[in-house]
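1. sequence and predicted structure below; questions after.
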Amino acid sequence: MVIQIQPTSKALYDQDYYLWIRKTINQLRAGQFSSVDLDNLL
């Protein structure tokens, strides 16, 4: 059995929208713009 601990950004967007939003907000606030899931954000 394989447990996925950190899903990819797109999978996270599809699996848990609220968690994706929180993660994206935190990345933007921290200035981690290269980590932001722009495909789903825009």
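-> The structure has been received and is ready for your questions. Numbering: from 1, shown residues only.
2. please count neighbours and contacts with C-alpha atoms only from this point.
-> Fine.
3. select the longest helix from the protein.
-> For the chain, the helix that runs over the most residues, judged by DSSP state H, is helix 17-29.
4. list the buried residues in stretch 29-37.
-> Buried positions in stretch 29-37, judged by neighbour count with 16 or more other Cα atoms under 10 Å: 36-37.
5. start and end of it, how far apart?
-> Between the opening and closing residues of stretch 29-37 we find a distance of 14 Å, counting by Cα to Cα, to the nearest Å.
6. any weak-confidence spans in the protein?
-> Residue ranges of the chain with pLDDT under 70: 1-10.
7. identify the residues contacting the longest helix of the chain?
-> When contacts are taken as Cα atoms under 8 Å, 6 or more residues apart in numbering, the neighbours of helix 17-29 outside the stretch itself are 9, 12-13, 33, 35-37.
8. how about JSON lines for those, with distance to Thr24 and secondary structure added?
-> Putting the contacts of helix 17-29 into JSON lines (distance: Cα to Cα, whole Å; DSSP: H, G, I helix; E, B strand; the rest coil) gives the following:
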{"residue": "Ser9", "distance to Thr24": "9", "secondary structure": "helix"}
{"residue": "Leu12", "distance to Thr24": "11", "secondary structure": "helix"}
{"residue": "Tyr13", "distance to Thr24": "10", "secondary structure": "helix"}
{"residue": "Phe33", "distance to Thr24": "9", "secondary structure": "helix"}
{"residue": "Ser35", "distance to Thr24": "9", "secondary structure": "helix"}
{"residue": "Val36", "distance to Thr24": "6", "secondary structure": "coil"}
{"residue": "Asp37", "distance to Thr24": "7", "secondary structure": "coil"}
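9. in a markdown table, list those residues along with distance to Lys23.
-> Compiled in a markdown table, those are given as follows (distance: Cα to Cα, whole Å):
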| residue | distance to Lys23 |
| --- | --- |
| Ser9 | 9 |
| Leu12 | 10 |
| Tyr13 | 10 |
| Phe33 | 12 |
| Ser35 | 10 |
| Val36 | 9 |
| Asp37 | 10 |
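10. what's the neighbour count on Thr24?
-> By other Cα atoms under 10 Å, the residues close to Thr24 number 21.
11. that concludes my questions; thank you for your assistance.
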